[in-house]
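**Q** kindly return the folded structure for what I paste below:
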Amino acid sequence: MSSDFERLLREAGRGLPEPDADVTRRARELALRAVRRRSLRRPAAVLLAAALVALGVGIGALIAPSGTAAPAVAGLGFLPERGWSVLQNGGDGTPVRPAVAIAANVELSRDDDPDGLPLSTLETLPASGVVIVVSFVARGDQIYYDKYFPPRTLPLEVRDATRGIEYGADVRPGRPLGQYQLRAGVNRHNVDVNVYFGTDPPTPVLLAAAQRQLDRMVIRPEPARRIRPATSAPAAVDPSRIVDRTYRCSTVAVVGPRLLRVSMTNPKPTVSPPVPGSASFWTGSGGSGSSLVGFNARPSASRSTSGVYVSKKLCRTSAESVPLTSRGLPGPPVPYDQYLKCPATPRVLIRVRAVLDRKVSWSTSGDVLTARGNISSASLAARTEAGRPIALVTLADGKSRLWTAGSCTR
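**A** The predicted structure follows:
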């Protein structure tokens, strides 16, 4: 857009009255209808954005769910290129709620979660397919996180991406995808771009297609004031049903380096028998290992095998603080079963928090300390004694999600 055109838009915006709520709502509805049509032409998208600016409706209102964006030019995500589908979670770009945007030149599967990796789409991605997954987190952790995101300016370039995705796994080993990653610090946000190509290596045509969509990335200059709809306060949980402890655990090196191993199972209630959500941090190498801390959220019929468990031999309670946040860990989170190994120091800090269906009561069986009960939600986080984050697992609303440090591998 030319500078003269931008000046005219700004002048027009100052001369127009502020839009009321109904005008804003109608403009947003028209915008969403337009961008969802796969036949949208690029000039039409530019004119649409210009019209929204003149009305005082920002890009944030276009790309975020109703009620989550302030009426200003602000947003995190994509404007869709012609022939592309876009899915965005409406996150606010904080470590607790990273903004995630997914763009694909194929139809996105309805089974995919906007907060994580579009696994169903990637598993069926044709040779001509391209999927871009981007997470946005506000900068502010210069010691552990920001340094991995060198300052860059928009538009980001696909040619600057490196082969392979540092924290992730090969999502389709049988028919490998071309997987590339680009990290950048843009407009006070850490931007993690993961690009998946249906052909490995990608052809010049696929690279050009990915670049055209990447050119349409939107990153607000600074955090916008959020407007959220009023909601009823969640029901209070009886504190006697909450497990919330931090442990200092020793890692073991049987053969090779010390490792913290991470396993996560996503709940699968529709299979027979149902698979519960579970997560565990354990240690060991060379085919031998010992569990440190974990949880198992089995269904009510299996309460005797569900709950939180801790190794009495390798873990001791600690007064150290381990925040249950993804800050310092690359995103978006992985929503499917994972078994990873992470380089570890001789001791690590692990915090477990879980909500049980009954009063917490600890029992001992051999070297394992257990608090039994059905689990409705849980979190498991690990850090080094120096405070460097290693992994975070959350279980909520029937879904598990995993964030791990870039040094973790399958």
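**Q** can you give me the end-to-end span of stretch 340-359?
**A** In stretch 340-359, first residue to last residue: 33 Å (CA to CA, to the nearest Å).
**Q** buried residues in that stretch?
**A** In terms of neighbour count (16 or more other CB atoms under 10 Å), stretch 340-359 has its buried residues at 340-342, 344, 347-356. Placement of C-beta: from N, CA and C, glycine included.
**Q** out of these, which are inside strands?
**A** In strands, defined here by DSSP state E, the members of those are 340-342, 347-356.
**Q** I'd like the distance between the residue nearest the centre of the chain and residue 101.
**A** In the chain, the residue lying closest to the centroid (CA atoms, centre = their mean) is residue 332, at 2.7 Å. To residue 101, residue 332 is 9 Å away according to CB to CB, to the nearest Å.
**Q** what touches both of those two?
**A** Shared contacts of residue 332 and residue 101 (CB atoms under 8 Å, 6 or more residues apart in numbering): residue 133.
**Q** part of a helix, is residue 364?
**A** No. Using DSSP: H, G, I helix; E, B strand; the rest coil, the secondary structure at residue 364 is strand, not a helix.
**Q** got the contact list for it?
**A** By CB under 8 Å, 6+ apart, the contact list for residue 364 reads 312, 370.
**Q** could you do the one 3 residues further on as well?
**A** Applying CB under 8 Å, 6+ apart to residue 367 gives the contacts 311-313.
**Q** tell me which of these fall in strands.
**A** residue 311.
**Q** between the contacts of residue 367, which is nearest residue 410?
**A** residue 311 (23.8 Å; CB to CB).
**Q** dig out what the closest one forms beta bridges with.
**A** residue 368 (DSSP bridges).
**Q** ok, it touching residue 284?
**A** No. Counting by CB atoms under 8 Å, residue 311 stays clear of residue 284, with 11.5 Å between them.
**Q** and the contacts of stretch 119-129?
**A** 104-109, 111-112, 131, 171-172, 177, 196-199, 206, 335-336.
**Q** recalculate using a threshold of 7 Å.
**A** With contacts defined as CB atoms under 7 Å, 6 or more residues apart in numbering, stretch 119-129 is touched by 104-106, 108-109, 111-112, 131, 171-172, 177, 196, 198-199, 336.
**Q** before we move on, what about stretch 175-183?
**A** 122, 125, 148-149, 156, 160-166, 170-171, 192-202.
**Q** ChimeraX command for the buried members of those?
**A** What follows is the ChimeraX syntax for the buried subset of these, where burial is set by 16+ other CB under 10 Å:
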select :122,125,149,156,161,165,166,171,192,193,194,195,196,197,198,199,202
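**Q** pLDDT at residue 367, what is it?
**A** The model reports residue 367 with a pLDDT of 88.
**Q** ok, back up a step: could the contacts of residue 367 be laid out in CSV, adding pLDDT, neighbour count and distance to residue 378?
**A** Rendered in CSV, the data for these read as follows (pLDDT from 0 to 100; neighbours: other CB atoms under 10 Å; distance: CB to CB, whole Å):
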residue, pLDDT, neighbour count, distance to residue 378
311, 93, 22, 17
312, 91, 12, 20
313, 90, 13, 23
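**Q** ok, so of the contacts of residue 367, who is nearest residue 397?
**A** Nearest to residue 397 among those is residue 311, at 28.9 Å by CB to CB.
**Q** my read: the closest one touches residue 292, true?
**A** Yes. Taking CB atoms under 7 Å as the definition, residue 311 is a contact partner of residue 292 at 5.3 Å.
**Q** so how far is residue 329 from the residue nearest to residue 214 when sequence neighbours are not counted?
**A** Spatial nearest neighbour of residue 214, chain neighbours left out: residue 156 (5.6 Å); criterion: CB to CB, 6 or more residues apart in numbering. Distance from residue 156 to residue 329, counting by CB to CB: 21 Å.
**Q** got the end-to-end distance for stretch 379-398?
**A** For stretch 379-398, the first-to-last residue distance is 13 Å (CA to CA).
**Q** in it, what counts as buried?
**A** Within stretch 379-398, judged by 16+ other CB under 10 Å, the buried ones are 379-384, 388-395.
**Q** make a ChimeraX selection of the buried ones in the contacts of stretch 119-129.
**A** Buried residues within the contacts of stretch 119-129, by 16+ other CB under 10 Å, are selected in ChimeraX with:
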select :104,105,106,108,112,131,171,172,177,196,198,199,336
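**Q** closest to residue 242 out of the contacts of stretch 119-129?
**A** For the contacts of stretch 119-129, the nearest to residue 242 is residue 336 (27.6 Å; CB to CB).
**Q** for residue 216, see how far away that closest one is.
**A** In this view, residue 336 and residue 216 are 28 Å apart by CB to CB.
**Q** what stretches of the protein score poorly on pLDDT?
**A** Applying pLDDT under 70 to the chain flags the ranges 1-74, 96, 142-144, 165-170, 221-236, 253-256, 285-288, 298-304.
**Q** and if we set it to 50?
**A** 1-3, 5, 8-9, 12-18, 23-25, 27-28, 30-74, 223-234, 300-303 (pLDDT under 50).
**Q** now do the helices in the stretch 51-200 of the chain.
**A** Here the stretch 51-200 of the chain has its helices, by DSSP state H, counting those that start in this stretch, at 59-63, 119-123.
**Q** my guess is residue 135 contacts residue 101, does it?
**A** No. At 8.0 Å, residue 135 and residue 101 do not qualify as touching, with contact defined as CB under 7 Å.
**Q** distance-wise, check the nearest residue to residue 162 once chain neighbours are set aside relative to residue 158.
**A** Spatially, and ignoring its direct neighbours in sequence, residue 162 is nearest to residue 181 (5.8 Å; CB to CB, 6+ apart). Computed as CB to CB, the residue 181 to residue 158 distance reads 11 Å.
**Q** who has more neighbours out of those two?
**A** residue 158 (24 against 19; other CB atoms under 10 Å).
**Q** thought the more buried one was touching residue 210?
**A** Yes. Between residue 158 and residue 210 there is a contact under CB under 7 Å: 5.1 Å.
**Q** need the overlap of contacts for those two.
**A** Taking CB under 7 Å, 6+ apart as the criterion, residue 158 and residue 210 both touch residue 195.
**Q** what about residue 263, how many neighbours?
**A** There are 18 residues near residue 263, going by other CB under 10 Å.
**Q** which stretch of helix or strand covers it?
**A** strand 259-265 (DSSP states H and E).
**Q** what's that strand packed up against?
**A** Judged by 3 or more CB pairs under 7 Å, 6 or more residues apart in numbering; DSSP states H and E, the packing partners of strand 259-265 are strand 277-283, strand 338-343, strand 389-396, strand 399-404.
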